[in-house]
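Engineer: sequence plus predicted model, see below.
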Amino acid sequence: MTPPGDPGAGPRATRAGSAPFRADDSSRPRILRVAGPLVEIACPATVAMHDLVVLGDARLPGEVVAIRGDTATVQAYEYTGGLAPGHPAEPQGRPLSVRLAPDLLGGVYDGLLRPLAGAGDLLLTTGADVAPDGRTWRFTPQVAEGGRVAAGDVLGEIGASVPLRLLVPPDLAGEVTRVAAAGEHSASAVLAVVGGHEVRMAQSWPVRRPRPVSSRLPADAPLNTGQRAVDLLFPVARGSTVAVPGGFGTGKTMLLQQIAKWCDADVIVYVGCGERGNEMADVIEELSELTDPRTGGRLADRTVTIANTSNMPMMARETSVHTGATVAEYFRDMGLDVVLIADSTSRWAEALREFASRMGELPAEEGYPAGLASQLAAFYERAAAVRTLGGATGSVTVIGAVSPPGGDRTEPVTAHTERFVRCLWSLDRDLAYARHYPAVSWADSFSRDAAALTAAHGRAGDPEWAQRRGRVALLLAEADRLADLVELVGITALPPRERISVLAGRLLREALIQQSALSPADAYSAPEKTAALAEAVLTVIDRCQELVDAGTQADAVEAVDFTPLLRARETAGPSETSPVAAARDLVLARLKEAG
């Protein structure tokens, strides 16, 4: 009986891997040539593009990427040392798929979703399958025997660090003839029988096939990241897409780690795609030690980490982002909000370039394949706010880091990515070198979600959000315009109002936009604290302008000690507003004395 949720299995699988071959059978699929990760096999059996093939006695996994007559080209996802012509090749008759189950939460996996025991194992993968762990999960049935269910309907609740559900697989519907009793069950146990098919917690799904939904919904609910530069100036909606371009040392990984720690998503899928092993080890260690502010448990318990580091097989890197998207969609279908972080898509694009070169494809810009834009678009297209087949609402928000060589944002990966994303958080080298974190450039970044989120903030009780955001952006732009002029003629040569504009830019940068990732009080900023800081700084700036308009010397205003306001972000807790108001009032009193 075919397990539900395994769309790759079926009659074609039987034809492709049917009758066993004799050792001396010349028609047996076998390896013809090995060229790095590309393996040509003689394969008279029925195969299709993207079918899974196991290679050699070590059973290394590979995927069919080209078919010419009775010869198929397979990209191997492991080191191919030891493979030689004549070794066996076994087509599996199904697409490359991964096992999806509740036990993914809290785990660390390679690009093919095979478990890694911990950070120390990031240097080692093998072709052998790894058995799932022996954990059990509390199952509470929600349907009775004899009832009829459709694809996506809820069969029961699964007790975990986040509320999970057992769903009818997308390709299944019918009468429920058996339901397991409430209690502890393993992920491989049969929990229900629907239409004659067994349903388990664990299921399989092809990584390159998006999971079906009932409909896509407008992305109009904010994803709070806890980072003021993002939430105030360049907000992102649940189900939207973000690119984070930045050169070496600008803080991409740090920003993405902070978002993984503090954003208000239900599940985090963190894909370390081609990054350094020590960085991934740090991410895993920090997630395991950090307390989840929502549950009080470990943050890692609602995180899935996919680690395909730079020292792992390159071709598995190409699959890792699709694997991450499939995992995210699995939890999305349960009605959860998921954030998928890919660090970085540039390393993924480099894997595509190397693969295209080995396949002999004609290169396009800078050697990348001509289909690079299409592949980037297909990846970001998997982000969405949706209504699931069962009628719930869920979302996948994709945040992808981009590492342009030398910080050149005109290179193909960055240029194409900017076309497909809704938000851009561009990291500025000068801000990073000035130790301004996060180094998000307010001049080069954008958010196409801001207009849609204005109504959401109004419904949440903050109708002034859009006006506050617009004023902050305008003041920062004016301060930037004057910065070059100040370098030429000096601050004292400017008219009083423009001198206050320069002061306003400094106050906004240091008291509001800047944030300390190492401070317990400032690493996360709740929406109410962000609003309070913005209101406090804007109120002080308005008072400064009123004073110079009334004839007070700009020197006297600039000489006021603004330290309480600048330190308010550190003295106030993550959700506190009263210390911010106290700092504002103290600075306003000092301004009154100066006037």
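Structural biologist: Alright, I've got the coordinates. Every value quoted in this text rests on a predicted model; they were computed, and no experiment measured them.

Engineer: in space, what's closest to Ala443 - neighbours in sequence excluded?
Structural biologist: Nearest residue to Ala443, sequence neighbours excluded (C-beta to C-beta, 6 or more residues apart in numbering): Asp480, at 6.1 Å. The C-beta positions use only the backbone N, C-alpha and C, and glycine is treated the same way.

Engineer: for Pro91, grab phi and psi.
Structural biologist: The phi/psi pair for Pro91 (degrees, to the nearest 10) reads phi -60, psi 140.

Engineer: surely it and Met49 touch.
Structural biologist: No. With contact defined as C-beta atoms under 8 Å, Pro91 does not reach Met49; the gap is 11.9 Å.

Engineer: could you list the domains of the protein?
Structural biologist: For the chain, the structural domains run 11-95, 133-201, 215-449, 465-594, going by automatic domain parsing.

Engineer: can you tell me which of the ones you listed is packed in deepest?
Structural biologist: Mean neighbour counts were taken over the domains of the chain using mean count of other C-beta atoms under 10 Å, and the top value, a mean of 21, falls to domain 215-449.

Engineer: between the two ends of stretch 421-438, how far is it?
Structural biologist: In terms of C-alpha to C-alpha, to the nearest Å, the two terminal residues of stretch 421-438 are separated by 20 Å.

Engineer: SS state for the spatially most central residue of the chain?
Structural biologist: Against the mean C-alpha coordinate of the chain, by C-alpha atoms, centre = their mean, the closest residue is Ile341 at 1.8 Å. Following DSSP: H, G, I helix; E, B strand; the rest coil, the label given to Ile341 is strand.

Engineer: list the contacts of it.
Structural biologist: When contacts are counted by C-beta atoms under 8 Å, 6 or more residues apart in numbering, Ile341 is found next to Leu256, Ile259, Ala260, Ile268, Val269, Tyr270, Val271, Ile399, Gly400, Ala401.

Engineer: ends of stretch 175-194, what's the gap?
Structural biologist: Using C-alpha to C-alpha, one end of stretch 175-194 lies 6 Å from the other.

Engineer: from now on call the first residue 57
Structural biologist: New numbering, starting at 57: the last item is stretch 231-250.

Engineer: next one: it to chain centre, how far?
Structural biologist: What separates the centre of stretch 231-250 from the centre of its chain is 32 Å, taken as C-alpha atoms, centre = their mean, to the nearest Å.

Engineer: please list the outside residues in contact with it.
Structural biologist: Contacts to stretch 231-250, defined as C-beta under 8 Å, 6+ apart, come from residues 60, 157-159, 188, 190-197, 199-205, 211-212, 222, 224, 228-230, 251-252, 254-258.

Engineer: what is the mean pLDDT for it?
Structural biologist: Along stretch 231-250, the predicted confidence averages to a pLDDT of 94.

Engineer: now the strands for the stretch 157-306 of the chain?
Structural biologist: Shown for the stretch 157-306 of the chain, the strands assigned by DSSP state E, counting those that start in this stretch span residues 164-165, 171-172, 192-197, 204-205, 210-215, 220-223, 230-235, 239-242, 246-250, 253-256, 259-262, 271-273, 297-301.

Engineer: in JSON lines, list these along with distance to Gly380.
Structural biologist: What follows is these, written out as JSON lines (distance: least, C-beta to C-beta, whole Å):
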{"stretch": "strand 164-165", "distance to Gly380": "10"}
{"stretch": "strand 171-172", "distance to Gly380": "15"}
{"stretch": "strand 192-197", "distance to Gly380": "23"}
{"stretch": "strand 204-205", "distance to Gly380": "29"}
{"stretch": "strand 210-215", "distance to Gly380": "21"}
{"stretch": "strand 220-223", "distance to Gly380": "18"}
{"stretch": "strand 230-235", "distance to Gly380": "32"}
{"stretch": "strand 239-242", "distance to Gly380": "25"}
{"stretch": "strand 246-250", "distance to Gly380": "26"}
{"stretch": "strand 253-256", "distance to Gly380": "23"}
{"stretch": "strand 259-262", "distance to Gly380": "13"}
{"stretch": "strand 271-273", "distance to Gly380": "20"}
{"stretch": "strand 297-301", "distance to Gly380": "14"}
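
Engineer: so which of those is nearest Leu644?
Structural biologist: For the strands of the stretch 157-306 of the chain, the distance to Leu644 is smallest for strand 297-301, at 36.8 Å, taking C-beta to C-beta.

Engineer: next structured bit after the closest one?
Structural biologist: helix 308-318 (DSSP states H and E).

Engineer: wait, doesn't Leu161 sit right on Ser217?
Structural biologist: Yes. Leu161 lies in contact with Ser217 (C-beta under 8 Å); the separation is 6.0 Å.

Engineer: now do the shared contacts for those two.
Structural biologist: By C-beta under 8 Å, 6+ apart, Leu161 and Ser217 have these common neighbours: Asp357, Arg358.

Engineer: quick check: Pro266 vs Arg438, distance?
Structural biologist: Using C-beta to C-beta, to the nearest Å, we find Pro266 at a distance of 6 Å from Arg438.

Engineer: ah, wrong one, I meant Thr375
Structural biologist: In this view, Thr375 and Arg438 are 14 Å apart by C-beta to C-beta.

Engineer: and for Arg527?
Structural biologist: Counting by C-beta to C-beta, the separation of Arg527 from Arg438 is 36 Å.

Engineer: ok, now Val246?
Structural biologist: Counting by C-beta to C-beta, the gap between Val246 and Arg438 amounts to 30 Å.

Engineer: same question for Glu474.
Structural biologist: 18 Å.

Engineer: how about Arg272?
Structural biologist: Going from Arg272 to Arg438 by C-beta to C-beta gives 11 Å.

Engineer: for Ala363, same thing?
Structural biologist: Counting by C-beta to C-beta, the gap between Ala363 and Arg438 amounts to 20 Å.

Engineer: ok, now Arg221?
Structural biologist: 21 Å.

Engineer: what about the residue nearest to Ala499, which SS state?
Structural biologist: Three-state assignment for Asp536 (three-state DSSP): helix.

Engineer: quick one, phi psi at Leu603?
Structural biologist: Taking degrees, to the nearest 10, you get phi -70, psi -50 for the backbone angles of Leu603.

Engineer: same check, this time on His472
Structural biologist: Recorded main-chain torsions at His472 are phi -70, psi -40, according to degrees, to the nearest 10.

Engineer: same deal with Ala588?
Structural biologist: Summarising the backbone geometry of Ala588 under the convention degrees, to the nearest 10, its torsions are phi -70, psi -40.

Engineer: and if you look at Val377?
Structural biologist: As for Val377, its main-chain torsions (degrees, to the nearest 10) stand at phi -70, psi -30.

Engineer: would you mind confirming that it is in contact with Gly328?
Structural biologist: No. Val377 lies out of contact with Gly328 (C-beta under 8 Å); the separation is 10.8 Å.

Engineer: as JSON lines, the domains of the chain with distance to His513 would be great.
Structural biologist: Below are the domains of the chain laid out as JSON lines (distance: least, C-beta to C-beta, whole Å):
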{"stretch": "domain 67-151", "distance to His513": "42"}
{"stretch": "domain 189-257", "distance to His513": "26"}
{"stretch": "domain 271-505", "distance to His513": "7"}
{"stretch": "domain 521-650", "distance to His513": "4"}
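
Engineer: quick one: which of the ones you listed is nearest Ala512?
Structural biologist: domain 271-505 (5.6 Å).

Engineer: distance from the closest one to the middle of the chain?
Structural biologist: 4 Å.

Engineer: pLDDT on that domain, on average?
Structural biologist: Per-residue pLDDT values across domain 271-505 average out to 91.

Engineer: please name the nearest non-neighbouring residue to Val454.
Structural biologist: The spatial neighbour of Val454 that comes closest, neighbours along the chain excluded (C-beta to C-beta, 6+ apart), is Ala439 at 3.9 Å.

Engineer: surely that neighbour touches Gly295?
Structural biologist: Yes. Using C-beta under 8 Å, Ala439 is in contact with Gly295, at 6.2 Å.

Engineer: sweet, I'm off.
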